[in-house]
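**Q** below are the sequence and a predicted model; questions follow.
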Amino acid sequence: MSVSKFGSSNKNRSSGNVDKKYVDQKFMTLSTNLAVKVEKSGDTLTGDLYLSCENDHERSFGVKGISEGKSVGLLLGDFAHQIHYNYGHPLQFSAIHGYKFTSSCGDVCKLGGSDSTNSLFFGNIVMSDKCITELRNPNAEQDAATKYYVDTRGIKNNVGYVPNLTSNSNKNGFIVSASSEYFEAGAYNVFNDNEHSNWITADGVNTNFWIQIKCPERVKIYKIKLRGLKLRGSGIVTDKISFNWIWQGSNDSTDWININEFENSKIGYEICEIPVNCSAKYSHYRIFVNKDETDNPGFSYWQLYPICPVFKNKITENTKN
């Protein structure tokens, strides 16, 4: 069947029978059809557009042939709300108020917003045995904790770390030494329960002297306790002695790290508590005195207080007989 240029069949009407009314009707029909026709080269729809699958199993809707230097955007009202793809780059979603994902069970999550890039989840996140990496250390109480934070977290122990010593070394691995000792006033006396025991430097030594302790393992110390000397030869307690000293740490007793420096520190014959820096663990600790006011300085008590780990990794191996 042939169709005329006006869109109708000419089977029952010859060209000689065409009148003005018929022609006018055909032009009106053509104009109406052209008004609702979508141009292949580009156009604007004023109504809804639905694609029906009918008997097909699949329909495709989109833009093909995106290559180097090309991009495509699906506007959702304006350019501030769109899905945009620039070839070779990640697919970009733009929305002033963020994105909200929902399911039949309710809200899933909201990504970003008008004043924040934060993500908000309304349910549990199941990681399927996958890792979360590059997590910062927690600040707030409900923040997730990193492995490093857990492994290095500790509790301040108010029980002295060094046991009662009766010599400069014991079987547990504690070793005390000093730059000099006055006769039987050995270095270990500072860790002795005998309140009359002292460590005193040799005669005339009151500058650049030290006392140190080697611990069985590396430990983090957050405070120490010190007590000075009684005035020898009488039962009178001296006033507090002023001296300059350095709190040091080392892991080989050769290279010492200055942790804290104390100038004009006042130590008398009363046990005083001194906070010290605890940023690292050391196996050796030392009190290095630059200058003391007395001729034969020393200490009658010294104790270290550690930060104990909350969890300690224990590696066990199963052996087969």
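**A** Right, received. Where do you want to start?

**Q** for residue 23, helix, strand, or coil?
**A** Secondary structure state of residue 23, per DSSP: H, G, I helix; E, B strand; the rest coil, is helix.

**Q** I'd like to know how many residues surround it.
**A** 11 (other CB atoms under 10 Å). Quick note: C-beta positions are derived from backbone N, CA and C, even for glycine.

**Q** now for residue 71: which residues touch it?
**A** 84-87 (CB atoms under 8 Å, 6 or more residues apart in numbering).

**Q** any idea what it is bridged to?
**A** Counting by DSSP bridges, residue 71 forms beta bridges with residue 86.

**Q** measure it to residue 82 for me?
**A** Distance of residue 71 to residue 82, computed by CB to CB, to the nearest Å: 11 Å.

**Q** and if you look at residue 57?
**A** For residue 57 relative to residue 82 (CB to CB), the value is 30 Å.

**Q** follow-up on the earlier one: give me the PyMOL select line for the contacts of residue 71, limited to the buried ones.
**A** Selection of buried members from these for PyMOL, criterion 16 or more other CB atoms under 10 Å:
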select buried, resi 85
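
**Q** nearest to residue 292, of the contacts of residue 71?
**A** Closest approach to residue 292 among those (CB to CB): residue 86, at 73.2 Å.

**Q** distance of that closest one relative to residue 61?
**A** Per CB to CB, residue 86 is found 20 Å from residue 61.

**Q** these two touch, right, residue 195 and residue 300?
**A** Yes: using CB atoms under 8 Å, residue 195 is in contact with residue 300, at 7.3 Å.

**Q** the two - which one has more neighbours?
**A** Neighbours were counted for residue 195 and for residue 300 using other CB under 10 Å; residue 300 has more, 22 against 10.

**Q** quick one: low-confidence ranges for the chain?
**A** 1-18, 33-35, 231-239, 311-321 (pLDDT under 70).

**Q** domain assignment for it?
**A** Domains of the chain are assigned by automatic domain parsing as 71-151, 175-309.

**Q** same list (these) but as JSON lines, adding distance to residue 163.
**A** As requested, those are exported to JSON lines (distance: least, CB to CB, whole Å):
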{"stretch": "domain 71-151", "distance to residue 163": "27"}
{"stretch": "domain 175-309", "distance to residue 163": "7"}
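
**Q** most packed of the ones you listed?
**A** Of all the domains of the chain, domain 175-309 has the most neighbours on average by mean count of other CB atoms under 10 Å, namely a mean of 17.

**Q** what about that one, start to end distance?
**A** End-to-end distance of domain 175-309: 23 Å, with CA to CA, to the nearest Å as the criterion.

**Q** are we agreed that residue 84 is in a strand?
**A** Yes: looking at residue 84 with three-state DSSP, it is inside a strand.

**Q** quick check: closest non-adjacent residue to it.
**A** Nearest residue to residue 84, sequence neighbours excluded (CB to CB, 6 or more residues apart in numbering): residue 73, at 4.2 Å.

**Q** which residues touch the one you found?
**A** So residue 73 contacts 79, 82-85 (CB under 8 Å, 6+ apart).
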